[in-house]
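1. Got a predicted structure here, sequence first:
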Amino acid sequence: MTAATSNADELTRLAFEHCLFPVIDQETVRREGPRIYVKGEGIELTDLAGNTMLDMMGSHTRANSLGYGNREIAQAVFDQMSAVHYVGTTSHFAEPTIRLAASLAELTPGSLKRVAFTSGGSESVETALKLAKQYQRESGNKPRAYKTISRWNAYHGSSMGALSVTDWLAVREIFEPRVPGHSFIPNPTRYRNPFGMEEEAYFELCATYLEREIELQGPDTVAAFIGEPVMQANGVQVPSRHYWQRVREICDKHGVLLIADEVITGFGRTGTWFACEHFGLEPDILTMAKALSGGYAPIGAVITTDAIADAIPMLRHVHTFAGHASAAAAANAAIAIKRRDGLVDAARDNGAYFGAELAAALENHPIVGQVRGLGLWHCVDFTADRASKAKFEDDTVSVIVESMRAHGVLACRIGTALEMSPPLITTRSQLDTAVEVCARAVHEVARERGLA
């Protein structure tokens, strides 16, 4: 037994003995083992066994927008930690936190300019929900407003407030009853939808349903509507521009705050700094995290308007590490790198190339229903029957993802689809490799299962 093998065995044992594995059943972990990685460089990730793979997942959570081993960000964090690593919260700030807030006000759409910091996405959503409810009460506009509306298949986080507006992943049912006052409406989806409608007609129904739900709940009781500009469920659900314009009009009509959850879509993932820009959408509150620091430090934020912030004498909400100076330094460095190197525009251009190549390779395959995406975030949505658009009820999609891994490319299953969301530094040559491996895996698995 080599030293490397011995180390791998020990780490695997320790992981099984001492670690919990979120959102994956224990039997699967026991069978396949934990994924343990030891090195990353660029968009390549090396595991304990020495296998090096292209990470087309953005570190599984899409947070890794600048790849591995970025010394500029590491140096910025080191320098800040050496000066003052953390100063607390409430009225205590450090310079990088204030400068980050100013940058976010510059980058976000519309008149968003007042920032509250968090440690991640779930905390950002919690903060946004509390901010909306407190504003409605403190402003006197809607003293009784405590309800929020979300959408089917939405994912907004796993803490109890965020969980209450969540309808995706196996994180919800066992914790019910959740925080009261939340309801759900149809979500705009591509390729297949619950009513079997044409896409544009279905998008219109989804928007109209929001108004009906506000009327049903009572406009005076509804504080906010929350939505991901592009939903993740079943892979990169890009709605029409008209859908978001209708939602904005409906929220304005009924005095409902519109919260855009950009935890996934922010900071270049969709080829613009924020996905709202694709739809001409100006939200009242916007949440962010993940790629805010390129995944180099846990940090999130919520940004809102002067009108909302000034109506609140004291925000009754706090997180210990909100505005952590060293995390803010990482975020400032990540933003500076994206600006200097033109990486958001690169995500737009390379993403269009990637999507076209994926579609050319796969859109006519018998088990592929649709190839879609925006920026550097694409998915291949599968079907067991092209005529009915039926989804696979077995493990076909998971097996395709595992086949890609065996061929050296990391992708991720998300419901009926496989998804790829690589770092913004990914080259076209690496995108070509990912397309080639994805197509090979689809053809091999389909042939082995008699589906081609």
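-> Right, received. Where do you want to start? Residues are numbered from 1 along each chain as shown.

2. any chance you could map the helices in the chain?
-> 3-18, 26-32, 71-84, 95-107, 121-138, 160-164, 199-217, 241-254, 306-310, 325-341, 343-362, 396-406, 428-448 (DSSP state H).

3. Those: which one's closest to Arg413?
-> Within the helices of the chain, the stretch nearest Arg413 is helix 396-406; the backing value is 4.9 Å (C-beta to C-beta). C-beta coordinates here come from the backbone N, C-alpha and C atoms, glycine included.

4. Which strands or helices does that closest one pack on?
-> If you count contacts as 3 or more C-beta pairs under 8 Å, 6 or more residues apart in numbering; DSSP states H and E, helix 396-406 packs onto strand 378-382, strand 412-414, strand 417-420, helix 428-448.

5. So for this structure, the centremost residue is which one?
-> Ile264 (2.3 Å; C-alpha atoms, centre = their mean).

6. Check it and give its pLDDT.
-> What the model reports as pLDDT for Ile264 is 98.

7. Would you agree it is in contact with Arg62?
-> Yes: Ile264 lies in contact with Arg62 (C-beta atoms under 8 Å); the separation is 5.5 Å.

8. Find the residues that touch each one of these two.
-> Counting by C-beta atoms under 8 Å, 6 or more residues apart in numbering, the shared contacts of Ile264 and Arg62 are Lys290.

9. if I look at Met81, how far off is Ala336?
-> Applying C-beta to C-beta, to the nearest Å, the value for Met81 to Ala336 is 18 Å.

10. Pick the most buried one from the helices of the chain.
-> Highest mean neighbour count among the helices of the chain (mean count of other C-beta atoms under 10 Å): helix 121-138, with a mean of 25.

11. Show me the one of the helices of the chain that comes nearest Asn187.
-> Here helix 199-217 is closest among the helices of the chain (C-beta to C-beta), at 6.5 Å.

12. contacting residues around the closest one?
-> Contacts for helix 199-217 (C-beta under 8 Å, 6+ apart): 147, 149, 151, 183, 185-190, 193, 195, 197, 222, 225, 239-240, 242-243, 246-247, 250-251, 253-254, 256.

13. again, 7 Å this time
-> Residues outside helix 199-217 that contact it (C-beta atoms under 7 Å, 6 or more residues apart in numbering): 147, 149, 183, 185-188, 190, 193, 195, 197, 222, 225, 239-240, 242-243, 246-247, 250, 254, 256.

14. pLDDT (mean, whole number) over it?
-> Mean predicted lDDT for helix 199-217 stands at 98.

15. try stretch 25-33
-> 83.

16. How about residues contacting it?
-> Thr12, Phe21.

17. cool, stretch 56-72 as well?
-> Contacts of stretch 56-72 (C-beta under 7 Å, 6+ apart): 40-43, 45, 264, 267-269, 290-291, 294-296, 333-334, 337, 409-412, 420-425, 434.

18. Distance check, His242 against Leu205.
-> Distance from His242 to Leu205, by C-beta to C-beta: 12 Å.

19. Spatially nearest residue to Val179 (excluding sequence neighbours)?
-> Ser164 (4.1 Å; C-beta to C-beta, 6 or more residues apart in numbering).

20. quick one, what contacts Ala132?
-> Applying C-beta under 7 Å, 6+ apart, the residues near Ala132 are Ala223, Ala224, Leu257, Ile259, Ile285.

21. State the distance from the residue lying closest to Ala116 once chain neighbours are set aside to Thr208.
-> Take Ala116 and drop its neighbours on the chain: the residue closest to it by C-beta to C-beta, 6+ apart is Val302, 4.8 Å away. Distance, Val302 to Thr208, using C-beta to C-beta: 29 Å.

22. same thing with Ala322?
-> Counting by C-beta to C-beta - Ala322 and Thr208 are separated by 38 Å.

23. next one: Met81
-> 52 Å.

24. before we move on, what about Asp349?
-> Taking C-beta to C-beta, one finds Asp349 at 36 Å from Thr208.

25. repeat for Glu277
-> 25 Å.

26. Mind checking which of the contacts of helix 199-217 are buried?
-> 147, 149, 185-188, 190, 193, 222, 225, 239-240, 243, 246-247, 250, 254, 256 (16 or more other C-beta atoms under 10 Å).

27. In strands, which of those appear?
-> Mapping these onto strands (DSSP state E) picks out Lys147, Ile149, Ile185, Val222, Phe225.

28. Tell me the one among the residues you listed nearest to Ala233.
-> Ile185 (14.1 Å).

29. just for this structure, where's the confidence low?
-> 1-6 (pLDDT under 70).

30. Could you chop it up by domain?
-> Following automatic domain parsing, the chain resolves into domains at 35-64+342-448, 72-341.

31. In CSV: those domains, plus distance to Asp9.
-> Putting those into CSV (distance: least, C-beta to C-beta, whole Å) gives the following:
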stretch, distance to Asp9
domain 35-64+342-448, 9
domain 72-341, 29
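
32. Leu14: which of these is closest?
-> Leu14 lies closest, by C-beta to C-beta, to one member of the domains of the chain: domain 35-64+342-448, at 10.0 Å.

33. Straight-line length of that closest one, end to end?
-> With C-alpha to C-alpha, to the nearest Å applied, domain 35-64+342-448 spans 26 Å between its terminal residues.

34. Ok, stretch 218-230 next?
-> 27 Å.

35. what's in contact with that stretch?
-> Contacts for stretch 218-230 (C-beta under 7 Å, 6+ apart): 129, 132-133, 136, 142, 144-151, 154, 156, 165, 210, 214, 236-238, 251, 254-262, 264-265, 270, 275-276, 279, 281, 374.

36. so how far is it off the chain centroid?
-> Here stretch 218-230 is found 19 Å from its chain centre; the criterion is C-alpha atoms, centre = their mean, to the nearest Å.

37. Going by neighbour count, list what's buried in that stretch.
-> With burial defined by 16+ other C-beta under 10 Å, the residues of stretch 218-230 counted as buried are Pro219, Val222, Ala223, Ala224, Phe225, Ile226, Gly227, Glu228, Pro229, Val230.

38. Tell me the one among those residues nearest to Gly50.
-> Closest to Gly50, out of all of those and judged by C-beta to C-beta, is Val230, at 36.4 Å.

39. circling back: output the helices and strands packed on helix 396-406 in JSON lines, with distance to Ala359 appended to each entry.
-> Output for those, formatted as JSON lines (distance: least, C-beta to C-beta, whole Å):
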{"stretch": "strand 378-382", "distance to Ala359": "9"}
{"stretch": "strand 412-414", "distance to Ala359": "18"}
{"stretch": "strand 417-420", "distance to Ala359": "13"}
{"stretch": "helix 428-448", "distance to Ala359": "10"}
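
40. Looking at those, which is nearest to Asp341?
-> helix 428-448 (15.5 Å).

41. ok, now which ones touch the nearest residue to Ser65 once chain neighbours are set aside?
-> In this structure, Ser65 finds its nearest non-sequential neighbour in Ala291, 3.9 Å apart by C-beta to C-beta, 6+ apart. Ala291 sits next to Ala63, Ser65, Gly266, Phe267, Gly268, Arg269 when contact means C-beta under 7 Å, 6+ apart.

42. try it again with 8 Å
-> Ala291 touches Gly58, Arg62, Ala63, Asn64, Ser65, Gly266, Phe267, Gly268, Arg269, Ala334, counting by C-beta under 8 Å, 6+ apart.
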